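Enquirer: following is a predicted model, sequence given first.
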Amino acid sequence: MSSLLVDNIGELVTNVPAAGGEGPLGLRRGVALLVEAGRVVWIGPARYAPAADRRIDAEGGAVLPGFVDSHAHLVFAGDRAAEFAARMAGEPYTGGGIRTTVGATRAASDDDLRDTVGRLREEAMRQGTTTMEIKSGYGLTVADEARSLRIAAEVTAETTFLGAHVVPAEYAGRPDDYVGLVCGPMLTAAAPYARWVDVFCERGAFDADHARAILTVGQAAGLGLRLHANQLGPGPGVRLGVELGAASVDHCTHLSDADVDALAGAAGTDDPTVATLLPGAEFSTRSPYPDARRLLDAGVTVALATDCNPGSSYTSSMPFCVALAVREMRMTPAEAVWAATAGGARALRRTDVGLLRPGVRADLMILDAPSHLHLAYRPGVPLVRQVLHNGVPQCRL
Ligand SMILES: [Zn+2]
């Protein structure tokens, strides 16, 4: 069995403070890491490193768990650069542009969609993302939602059925009829390719009754629950997600005290509902950022994700989101790095990624920088030099 030793590590972020590391990130220095068969099999003092078939010299760079991007919409066609330009010239974001992408997505071939998904997945990988959730939601017909998920499933196990992204134009004024389609034939066609079900619970999209109906039948079909909630204004989504035991409620930009209390109450349970913050969306829509400090100070489990999509957040960069979280949402660099790795893993209810200890997947990144601090300290700089995914180096050294 071929083994790979990563040594000359400047700082190892383990996210396992109990293993003797420093601070919440479980930082360790002077250690090396051994990979076999796609798993981390040993971490210990470099001078005791076992012999290995191959070696990667981290050259004093920081080594971190790969980013876990728990919220992305990659299955689409076309772009909306003109809409972005109009927004930057003063037009508000309403979410209505989703229908533009729906039209382009329906008209695209499978291979066109596959090319876009593959290109964005690779782009994210180069920036350290080793686990990526991918949603449907730009097909909005039975066939187009099923094919979106089938294509997403070719590159990730974390696929999410988002038939309830927006009511498509042909169902305008008949949201109940569309929800019936989502809960019936569309769910049946989508479920074989999906791990999760999600609803855009927002004024102008789906209300709490619709969201509850869709999530309930999705859960009965064996899917885990996630929710787009409280992005554009206050609403019932966050509390509904907590009530139903969703793995994550995403956006959380407009929260009441009751919403924060509900999330904080869930934080003490075995499977908490994570608050996933998506600062790329606020950046790209020039909107106020979520109050991350309020959530963290209340004890809520927080994740960071890109929300990569062609309308409101066309970035695949987790380092960019970390930098935004630190600069704009007052998270500490350690909190932001944790949220982008271990937090994302919690949001996907994964225990084998987002941390580095013997037994977990060998998903990690090596930085061209001595410390995780540089991810926020040097924004916009391509600091990720190497990525191991399932123990396999992704970049040429
Ligand atoms: Zn989204």
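Expert: Perfect, I can see it now.

Enquirer: what's near enough to touch the residue nearest the centre of the chain?
Expert: Residue closest to the mean C-alpha point of the chain, counted by Cα atoms, centre = their mean, is Ser70 at 2.0 Å. Contact analysis of Ser70 by Cβ atoms under 8 Å, 6 or more residues apart in numbering lists 131, 133, 158, 248, 250, 274, 276, 303, 305, 344, 347-348. All C-beta spots, glycine's among them, are computed from the backbone N, C-alpha and C.

Enquirer: again, 7 Å this time
Expert: Counting by Cβ atoms under 7 Å, 6 or more residues apart in numbering, Ser70 touches 133, 248, 276, 303, 305, 344, 347-348.

Enquirer: for it, give its distance to Leu181.
Expert: Distance, Ser70 to Leu181, by Cβ to Cβ, to the nearest Å: 27 Å.

Enquirer: kindly report the same for Ala246.
Expert: 22 Å.

Enquirer: in helices, which of the contacts of Ser70 fall?
Expert: 344, 347 (DSSP state H).

Enquirer: low-confidence ranges in this protein?
Expert: 1, 94-96, 396-397 (pLDDT under 70).

Enquirer: remind me, longest helix of it?
Expert: helix 110-126.

Enquirer: how about that one: buried residues?
Expert: Neighbour-count burial for helix 110-126, counted by 16 or more other Cβ atoms under 10 Å, picks out 113-114, 116-117, 120-121, 124-125.

Enquirer: ok, so of those, who is nearest Val167?
Expert: Leu113 (22.0 Å; Cβ to Cβ).

Enquirer: how many other residues sit next to the residue lying closest to Glu202 once chain neighbours are set aside?
Expert: Nearest residue to Glu202 in three dimensions, chain neighbours excluded: Leu232, at 5.4 Å (Cβ to Cβ, 6 or more residues apart in numbering). By other Cβ atoms under 10 Å, 21 other residues sit near Leu232.

Enquirer: what of Cys321?
Expert: Neighbour tally, Cys321, other Cβ under 10 Å: 30.

Enquirer: using CSV, write out every CA atom in whichever strand or helix holds it.
Expert: Under the criterion of DSSP states H and E, Cys321 resides in helix 318-329. C-alpha atoms of helix 318-329 as CSV (Å, rounded to 0.1, in the frame of the first residue of the first chain):
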residue,chain,number,x,y,z
MET,A,318,-13.7,29.9,0.4
PRO,A,319,-10.6,31.9,1.2
PHE,A,320,-12.5,35.0,0.0
CYS,A,321,-15.4,34.1,2.3
VAL,A,322,-13.0,33.7,5.2
ALA,A,323,-11.5,37.1,4.5
LEU,A,324,-15.0,38.7,4.3
ALA,A,325,-16.1,36.9,7.5
VAL,A,326,-13.1,38.4,9.4
ARG,A,327,-13.2,41.9,7.9
GLU,A,328,-16.9,42.4,7.5
MET,A,329,-18.6,40.1,10.1
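
Enquirer: that one: what's the following helix or strand?
Expert: Scanning forward in sequence from helix 318-329 by DSSP H and E, the next helix or strand is helix 333-338.

Enquirer: am I right that Ser316 is in contact with Cys308?
Expert: Yes. Judged on Cβ atoms under 7 Å, Ser316 makes contact with Cys308 at a distance of 4.8 Å.

Enquirer: so what's in contact with the two at the same time?
Expert: Common neighbours of Ser316 and Cys308 (Cβ under 7 Å, 6+ apart) are Leu120.

Enquirer: got the end-to-end distance for stretch 195-215?
Expert: 13 Å (Cα to Cα, to the nearest Å).

Enquirer: how distant is that stretch from the center of its chain?
Expert: Its chain's average C-alpha position is 19 Å from that of stretch 195-215, according to Cα atoms, centre = their mean, to the nearest Å.

Enquirer: equivalent analysis for stretch 127-136, please.
Expert: For stretch 127-136, the distance to the chain centre is 6 Å (Cα atoms, centre = their mean).
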